[in-house]
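S.K.: Predicted model follows, preceded by the sequence.
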Amino acid sequence: MSDSEQLDYQVPEQDELDNPMRIILVTDFGQASSKEESKDQEESKDQEEGIPRDSQQKENGMEEILLDSIQTFTAMNEFFDTFDEKIAYPNEGHIKYEVGSDGLVIIIVDSIVLKDEVFNFIEEYDEKLTKKLENEHDDSDEKSSKQNKKKRKH
């Protein structure tokens, strides 16, 4: 789906989330596929033979990301349409996520590379959305300012 296409969502009576969207991004190496496990075994074997191992340590980790710009179910749906297309589907089997109705999202990935990819996607999406919202706010301020000037002239 292109960025210019818009999906029509039925907006629920109460579209507002209880809280702004927040994401807990978990890196869980125990979720690695059998390909990843065999790669880990090869790395261990290489290490025993004196071949340097990748400098990144494989420790499970967790980060919290707050997305103040996403405060409605509609905005959350739009986020996940893009997230699925660009991140989740291409990495199927290496990523899982659960979305709560209160705005809490848990995303579990099985590699540092994928964690970084998810984190970067979220940052970029939030920046674009924040700029878009600021522009809309500026446009609405400009329109109301023009309307007030018209009212004063009459």
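M.R.: Good, I have the coordinates.
S.K.: Hmm, residue 27 and residue 111 touching each other?
M.R.: Yes: Residue 111 lies in contact with residue 27 (CB atoms under 8 Å); the separation is 7.4 Å. From N, CA and C alone the C-beta is placed, and that goes for glycine too.
S.K.: Report the secondary structure state of residue 108.
M.R.: Following DSSP: H, G, I helix; E, B strand; the rest coil, residue 108 is assigned to strand.
S.K.: quick one, what contacts it?
M.R.: By CB atoms under 8 Å, 6 or more residues apart in numbering, the contact list for residue 108 reads 26-28, 31, 95-97.
S.K.: now for the residues you listed, which pair is the farthest apart?
M.R.: Largest separation among the contacts of residue 108 by CB to CB: 27 and 97, giving 13.3 Å.
S.K.: how about low-confidence regions in this protein?
M.R.: Residue ranges of the chain with pLDDT under 70: 1-13, 31-58, 140-154.
S.K.: 50 - rerun?
M.R.: Where the chain drops to pLDDT under 50, the residues are 1-2, 34-35, 37-38, 41-42, 44-46, 48-49, 51-56.
S.K.: in it, which spans are helices?
M.R.: Assigned helices in the chain, in chain order: 34-48, 73-83, 112-153 (criterion: DSSP state H).
S.K.: Please identify the buried residues of stretch 125-136?
M.R.: By 16 or more other CB atoms under 10 Å, the buried positions in stretch 125-136 come out as 125-126, 129.
S.K.: Closest to residue 67 out of the residues you listed?
M.R.: residue 126 (5.4 Å).
S.K.: Okay, and the beta partners of residue 65?
M.R.: Here residue 65 sits in beta bridges with residue 23, as judged by DSSP bridges.
S.K.: quick one: contacts for it?
M.R.: Applying CB under 8 Å, 6+ apart to residue 65 gives the contacts 22-25, 119, 122.
S.K.: rerun that using 7 Å as the cut-off
M.R.: 22-23, 25, 122 (CB atoms under 7 Å, 6 or more residues apart in numbering).
S.K.: And those, which of them are buried?
M.R.: Buried residues within the contacts of residue 65, defined by neighbour count using 16+ other CB under 10 Å: 22-23, 25, 122.
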